[in-house]
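> how does the following fold in three dimensions:
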Amino acid sequence: MANALFDKGRQRFLEAQLDWGTATIKAVLVDTATYTVNLSAHEFLSDVSGGARISTSGAFTSKTSTGGAADAADVTFTSVTGASIEAIIIYKDTGSDATSPLIAYIDTATGLPITPNGGDIIITWDNGSNKIFKL
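Numbering: from 1, shown residues only. Below you'll find the predicted structure:
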């Protein structure tokens with residue numbers, strides 16, 4: 001699989017139901033041995049089993065959008081332990097897994113896969129024209 005946007009997340013952007021600049025956006029590190037992405041069917045964080053979620057970030061900061069590309073400050077996951085991480089999922093946090101929409105799935109990035117060792121994992125977003133993702 002290559003990096004992609006979830007269909008329902010894309011739809012939310014088009015229908016003005018998701019505002020990158022004001023929404024609480026987070027990322028979760030995912031073990032693909034226990035999660036199989038389905039970009040057309042998966043809609044909410046509850047579609048990703050708890051066992052597949054290795055660590056969740058805090059809210060993204062310094063979010064910007066330019067030319068249809070979403071960007072934010074790099075993210076640090078602290079003291080990460082657990083299974084191997086093969087993907088990152090970006091989502092809008094509503095406070096409930098059942099209503100937190102999935103936005104992007106990233107499994108092609110420098111450093112993936114990674115085996116946690118209890119240390120911090122820093123996600124450095126791409127500084128190219130597509131940034132984190134581009135609509």
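> quick one: low-confidence residue ranges for this structure.
Under the criterion of pLDDT under 70, the regions of the chain flagged as low confidence span 1.
> in it, which spans are helices?
All helices of the chain, identified by DSSP state H, fall at 7-14.
> for the residue nearest the centre of it, which non-adjacent residue is closest in space?
Ranked by distance to the mean C-alpha position of the chain (CA atoms, centre = their mean), the top residue is residue 90 at 1.8 Å. Here the nearest residue to residue 90 in space, its sequence neighbours aside, is residue 104; by CB to CB, 6 or more residues apart in numbering that works out to 4.2 Å. (Each C-beta comes from the backbone N, C-alpha and C, glycine too.)
> burial measure for the residue lying closest to residue 21 once chain neighbours are set aside, as a count.
Distances taken as CB to CB, 6+ apart place residue 63 nearest to residue 21, at 5.8 Å, with adjacent residues excluded. A count of nearby residues for residue 63, using other CB atoms under 10 Å, gives 17.
> got a list of what residue 63 touches?
By CB atoms under 8 Å, 6 or more residues apart in numbering, residue 63 lies in contact with 20-21, 25, 70-72.
> quick revisit: so what pairs up with the residue nearest to the centre of the chain in the strands?
residue 27, residue 104 (DSSP bridges).
> so who does it touch?
Contacts were defined as CB under 8 Å, 6+ apart; by that measure residue 90 touches 25-27, 102-104, 106, 132-133.
> how does it look with 7 Å?
With contact taken as CB atoms under 7 Å, 6 or more residues apart in numbering, residue 90 is in contact with 25, 27, 103-104, 132.
> how about the strands of the protein, start to end?
Along the chain, the stretches classed as strands by DSSP state E are 4-5, 25-30, 53-56, 64-66, 69-71, 75-77, 87-92, 102-106, 121-123, 133-134.
> is it possible to get JSON lines of those strands that adds distance to residue 39?
As requested, these are arranged in JSON lines below (distance: least, CB to CB, whole Å):
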{"stretch": "strand 4-5", "distance to residue 39": "6"}
{"stretch": "strand 25-30", "distance to residue 39": "14"}
{"stretch": "strand 53-56", "distance to residue 39": "18"}
{"stretch": "strand 64-66", "distance to residue 39": "21"}
{"stretch": "strand 69-71", "distance to residue 39": "17"}
{"stretch": "strand 75-77", "distance to residue 39": "22"}
{"stretch": "strand 87-92", "distance to residue 39": "11"}
{"stretch": "strand 102-106", "distance to residue 39": "7"}
{"stretch": "strand 121-123", "distance to residue 39": "20"}
{"stretch": "strand 133-134", "distance to residue 39": "13"}
